[in-house]
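> Sharing a sequence plus its predicted fold:
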Amino acid sequence: MLIVKSASAGSVRYYFDGRDPGVWSTGAGRLLGLSGAVDPDDLRRVLEGRDPRTSQFLPWRTSARRRAGWDLIWASPKSFSLIATESREPSNTAVDAHRSAVESLISHLETGLTVSRSGAPGGRAPCDGLIAASFTHRYNSAGEPHVHTHLIVANLSRSQDRWSAVSSDQWFIDRRALSALYHLELRYQMAIRGWNVEWRLRPDGLADVADVARSAVRAASSQTRAVETFGAFEARRRAVTVPWQDRVAAASPGSLAGGRILASTDNSRPSDAASSPTASLGGSTSRIPTSAPRYRQDLDDQQLHRAVETGLAVKRSDFRRADAIVALAATYPGGASVDATMAWVDAFCAASIPVKSTTSRPRWSTPLALQADRRLVEMLHEGWELRGNLPALAINPARADSPNVAHFPSIAVAPSGLADPVLRLTCPPGKSRLLDHAELLDLHARNLEQVGLRLVVNTVSSGSALRWAVLAGALPYRRGESFNALVVDQADRRSSAELLLIAGEARRQRAQLILVEGGTLPRLASPASRGLENSAARAVDVPVLEPWACTPTRGAEPQASPPALAPIGRRYAAAILDHWKALSELGVDAVMVGLGVEETSALNCAVLAGRPQPSPADPGGPRQRSVSSTWSHGDRVVMLSSRDRGVPFGTRGTVVTPGSRLDDVSVLWDGRDSSSAQSLTSKDRLGHAYAVTPAVAARTTAGLLVLGPPEALPGMQSRVIDCAIGDRDRAATRALGRRSGHDRLRGAALGREDLGLGL
C-alpha cells in the first residue's frame, strides 16, 4: 500500500541508518544535476529548498511555515516480504521486482500527478519533474521482513522557469489507486521474471501471496499484534529502542514462524526443482516453480471487462478513473504494467456512460449499475406488506421536569398508526445526527419489544455496531436471523447493489427497513446509490433534541422516568457525567471517553452547560459547543492538530489567557512550567478536554470514565475508573473483532443475476 507522511531535513539520518543507499530520481538529475547514490548533505539541502551545490534558496517566495517534503512509503505485502527477504544476497529477484515497480510509479507521478502551485489559472501548473530520492528497506523498525521503499519527494519543483512548491492534493486523493497500480506492476514484474506466484486478491485492489502460510505472516507482524493489544499509540511507545542492526540480527528467518514460510503446494512439479527458488525453514522445504504464471489473461478479454463492471457496481452507482484502477487490481491477478493499466482504464471509461459529477473530476456509470438503480427505485416504491402488528415510528412527548430525557415533540411518522415498510432518517450533508437518530430508534425498539417484535442494525464494522448498542441498545444483525425491523447504518454510503440485497432480505421477512443517512459517519454530499437518492421512500427529518446534562442536585438520585422516555444512551451519559462531576469536586484527574466524535462532543457540551458562568453559545448550536471559538479562563482543552511539534496531538492543557480569537488564547500545557504558557495560531485546532475520543485518551495519563465497554479501549483497561454498559452492550461487545452483517452481505457473490431482479 501507499502511506503518505511528512518529511523534514531533520529526519534524513533515519534513511541512512546502515540500510541500502538511496538513489536520486531522473527529475532530480534533470533539474539539479543529482544522480546515483544519495548524499545525506545533498538530501538535507534539497529538503530545505536549497541548491545542493551553492546552498542558494530556490523558491521565489518564502514562507514561515514551509513544508520540506513528503515521505511516500510503498509497502509490499507481508507475505511477499517473507519471500523477498529469505535471501540475504544483494541480487534478489523479488526485491528487484519491487524496485522496478516503484520506479514505474515514480514515472507515473512525474507525468500525471505532479503539479506546482503558481499564479496560473486554478493555482496549478505542470512541473518539469519530480525531485525525489528513493530508499529501499528490507526490514521494518522491529527487524521483521518488510520490503518497502521510502520515496522522499522534496517540496520543490520548477514550472515556467520559476521554482515553486509542489501540490500534493492528488497524492492523498488517489492513494488507493496508486496502491492498486503498485500491486498490478509488482505482479507484472514478478511474472516477467519467471516467478509462478498465486495471488490472493482483496476488494481494495491489494493482494497477498497465496502460498505463504498465514501463521508465518502473523508471526512476522509483531507491530500489528501490538496495535491490536495495546492500541496504536501505546504500541508505538512500547516499540523497542535497540539499534536497528541488532533488531534485524535477532529476527532471524527461522525464529519468525517457528516453521515454514511457504505452504505446501500440490501443483509444484518436481521437474522445476532444479531451477526453482527454495524456502527452507525449520527443516522443511517448499518450492515456487519458475514456469509460466498460473493466471494468463488478456486485458482485452470481455470476461475481465464484465468482472470490473460488476465490481464497480457493487461499490457505488458511478465511478472515477481511480475507482476503475482499484476494481481492475481487485479482479485481475495476472498483473499489468502501469502504461498498460492506464490505457485499459481509459478505454474502459470511454466505453462507459458519462454522468453528472459534483466535483471537477469526471464520473461514469455502467449499464449494470443503472439497472441496479432502477430496480432499487422500483422495490422501495412498491414496498411490501409488514409481518405482525408493527407499531408506527412515533416520537412521544417527555415530561418537562426531567433533565435527563429528551423533549420530543408529539409527532407520528405514519398516518393512522400504520407502519411504513421503508423509512429514511435524513441528515444534512457533512453532518451526523447519530445521537438524535439513536434516541428515536431506542424508543421504537422499546415499542417493538412490548409486542414481542425485534429490531436489529446492519453496520459497516464492529465498532459501529458497538456505538449503536451503547446509544440505542440495538443489537447487530447476523445473517440468517429473524427480525421485524432492520436499521441500515450509513445508508448513503451503500451502493444500490448492497441496498438491493438488504432490502430483499427485509422484504423476504416482511420487516420494516429504516435507512439512516450519516449514522456513525457524516453524510455524503453525493450518496453512493443513485437509486436511494431518487427513491420515493418516506423521509423523516428528526428534530434536534436537547443536549445531555448532569442531574441538577448532587447527592440525589435522578428522578425515575418511564422506560419509554429514558433513552439508553442518555441514561448512560447521565451516569458518566455525574461520576465525573463527583470526581472533579474531589480534585481527581479524570476524563470521559466517548466511542465517537458525536458522543464526545455531547459530553463536553453537557459540562460547559453546567458551569456557573458558561461562555457564550456557539452560532452553530449546542452540539458544536465542544469546539467553541470563544475560550474562558480555566477551560480544560486538548490539542487536536498543531504545526508545533512541541505540542503533539492529544496534549491537554488549561487556558491561561482567554480570547475571542484563537490567536489571542494562551494555554499552559500539562507537564510544563508555569512560565511556558503558549499562544496559539490560526493553524492550531483546539477542543475541550472534559471528554475525549479513544485516540486522545491513549495519550493521556488520567483515569477514564467510558461511555461504553472497556474492551473498546485496547491497552487502557487498567486506567478505567467506571464504564456505562448494559446487557445489550455486553452482547454487542462479543461481536468486537467479528465480521458485521454488512461485511457478510458485501462478501456475497454479486453477479448479474443478483443485480438484476433476482431479489
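Yes, it's here.
> so how far does stretch 313-329 reach from one end to the other?
Counting by Cα to Cα, to the nearest Å, you get 15 Å between the two ends of stretch 313-329.
> what about it, average pLDDT?
What stretch 313-329 shows for mean pLDDT is 92.
> Now do the helices in the stretch 1-150 of the chain.
Counting by DSSP state H, counting those that start in this stretch, the stretch 1-150 of the chain has helices at residues 12-15, 26-32, 40-47, 78-84, 93-112.
> Quick one: list the elements packing against the shortest one.
So that's helix 12-15. If contacts are counted by 3 or more Cβ pairs under 8 Å, 6 or more residues apart in numbering; DSSP states H and E, helix 12-15 sits against helix 40-47. Heads up, the C-betas are built off the backbone N, CA and C, glycines and all.
> still on that earlier bit, which one of the helices of the stretch 1-150 of the chain lies closest to Leu704?
helix 78-84 (32.8 Å; Cβ to Cβ).
> Packing partners of the closest one?
helix 93-112, strand 145-154, strand 207-209, helix 214-219.
> Which of these has the highest mean neighbour count?
strand 145-154 (a mean of 25; mean count of other Cβ atoms under 10 Å).
> Mind listing the strands the helix or strand just after that strand pairs with, and their directions?
Downstream of strand 145-154, the first helix or strand assigned by DSSP states H and E is strand 157-159. Strand pairing for strand 157-159, using DSSP bridges, gives strand 162-164 (antiparallel).
> What is the end-to-end distance of stretch 534-548?
Start and end residues of stretch 534-548 are separated by 35 Å (Cα to Cα).
> buried set for the one helix or strand Val308 maps to?
For Val308, the enclosing helix or strand under DSSP H and E is helix 302-315. Under the neighbour-count criterion of 16 or more other Cβ atoms under 10 Å, helix 302-315 has Leu304, His305, Ala307, Val308, Glu309, Thr310, Gly311, Leu312, Ala313, Val314, Lys315 buried.
> Name the next helix or strand downstream of it, please.
helix 321-331.
> angle of that next one against helix 302-315?
120 degrees (axes from the mean of the first three to the mean of the last three Cα atoms, to 10 degrees).
> what helices or strands is helix 321-331 leaning on?
Checked by 3+ Cβ pairs under 8 Å, 6+ apart, helix 321-331 has helix 175-192, strand 199-201, helix 302-315, helix 338-350 packed alongside it.
> what about the first one, distance to the chain center?
A distance of 22 Å separates the C-alpha centroid of helix 175-192 from that of its chain, computed with Cα atoms, centre = their mean, to the nearest Å.
> Could I get the buried residue list for it?
By neighbour count with 16+ other Cβ under 10 Å, helix 175-192 contains the buried residues 175-191.
> Please work out the average pLDDT along it.
The model assigns helix 175-192 a mean pLDDT of 90.
> Show me what it is packed up against.
Packing partners of helix 175-192 (3+ Cβ pairs under 8 Å, 6+ apart): strand 2-7, helix 93-112, helix 321-331, helix 338-350.
> Which one, of the ones you listed, ends up nearest to Thr149?
Checking the helices and strands packed on helix 175-192 against Thr149 by Cβ to Cβ gives helix 93-112 as the closest, at 4.6 Å.
> Mean pLDDT for the helices and strands packed on helix 78-84 - can I get that in CSV?
Converted to CSV, the helices and strands packed on helix 78-84 look like this (pLDDT from 0 to 100):
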stretch, mean pLDDT
helix 93-112, 85
strand 145-154, 87
strand 207-209, 87
helix 214-219, 81
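> what's the weakest-modelled helix or strand in the protein?
strand 278-281 (a mean of 30; mean pLDDT, DSSP states H and E).
> returning to what we had before: which single one of the buried residues of helix 302-315 is nearest to Leu370?
Looking across these and measuring by Cβ to Cβ, the closest to Leu370 is Ala313, at 8.9 Å.
> how far away is that closest one from Glu505?
To Glu505, Ala313 is 19 Å away according to Cβ to Cβ, to the nearest Å.
> One more: Phe348?
32 Å.
> Which of those two has more residues huddled nearby?
Neighbours were counted for Phe348 and for Glu505 using other Cβ atoms under 10 Å; Phe348 has more, 23 against 20.
> Just the pLDDT at that one, thanks.
Phe348 carries a pLDDT value of 93.
> That one and Arg306: what is the separation?
11 Å.
> now do Ile106
33 Å.
> what do you get for Asp300?
13 Å.
> for Ile325, same thing?
The value you get for Ile325 to Arg306, if Cβ to Cβ is used, is 17 Å.
> With Arg162 instead?
Distance of Arg162 to Arg306, computed by Cβ to Cβ: 48 Å.
> quick one, what contacts Pro21?
By Cβ atoms under 8 Å, 6 or more residues apart in numbering, Pro21 lies in contact with Ala37, Val38, Phe135.
> Buried subset of those residues, written for PyMOL?
Buried subset of the contacts of Pro21, written as a PyMOL selection, criterion 16+ other Cβ under 10 Å:
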select buried, resi 38+135
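> Pipe the contacts of Pro21 into JSON lines and attach distance to Arg321 and pLDDT per row.
Listed next are the contacts of Pro21 as JSON lines, based on distance: Cβ to Cβ, whole Å; pLDDT from 0 to 100:
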{"residue": "Ala37", "distance to Arg321": "36", "pLDDT": "87"}
{"residue": "Val38", "distance to Arg321": "33", "pLDDT": "87"}
{"residue": "Phe135", "distance to Arg321": "30", "pLDDT": "88"}
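> so which of the helices of the stretch 1-150 of the chain comes closest to Val597?
Nearest to Val597 among the helices of the stretch 1-150 of the chain is helix 78-84 (31.7 Å), distances taken as Cβ to Cβ.
> just how off-centre is that closest one within its chain?
25 Å.
> swap in stretch 302-315?
24 Å.
> ditto for stretch 79-95
On the basis of Cα atoms, centre = their mean, the separation between the geometric centre of stretch 79-95 and that of its chain is 30 Å.
> who's in contact with the closest residue to Trp199 other than its chain neighbours?
Spatially, and ignoring its direct neighbours in sequence, Trp199 is nearest to Ala207 (4.2 Å; Cβ to Cβ, 6 or more residues apart in numbering). Ala207 makes contacts with Pro77, His183, Arg187, Trp199, Arg200, Leu201, Ala329, Pro333, as judged by Cβ under 8 Å, 6+ apart.
> The closest residue to Glu48 other than its chain neighbours and Ile502, how far apart?
Nearest residue to Glu48, sequence neighbours excluded (Cβ to Cβ, 6+ apart): Ala9, at 5.2 Å. Using Cβ to Cβ, Ala9 is found at 52 Å from Ile502.
> And Thr366, by the same measure?
Using Cβ to Cβ, we find Thr366 at a distance of 21 Å from Ile502.
> List the buried residues for stretch 687-699?
Neighbour counts using 16+ other Cβ under 10 Å place Gly687, His688, Ala689, Tyr690, Ala691, Val692, Thr693, Pro694, Val696, Ala697, Ala698, Arg699 of stretch 687-699 among the buried residues.
> Looking at those residues, spot the one nearest Leu532.
Thr693 (29.3 Å).
> any idea how far that closest one lies from Arg571?
Here the criterion is Cβ to Cβ. By it, Thr693 lies 21 Å from Arg571.
> Now do the end-to-end distance for stretch 467-477.
End to end - Cα to Cα - stretch 467-477 spans 14 Å.
> next one: stretch 713-720
The first residue of stretch 713-720 is 9 Å away from its last residue (Cα to Cα).
> Going by neighbour count, list what's buried in it.
Of the residues in stretch 713-720, those buried (16+ other Cβ under 10 Å) are Leu713, Pro714, Gly715, Met716, Arg719, Val720.
> okay but Cys223 is in contact with Gly143, surely?
For the record, residue 223 is Gln, not Cys. No - using Cβ atoms under 8 Å, Gln223 is not in contact with Gly143, being 10.8 Å away.
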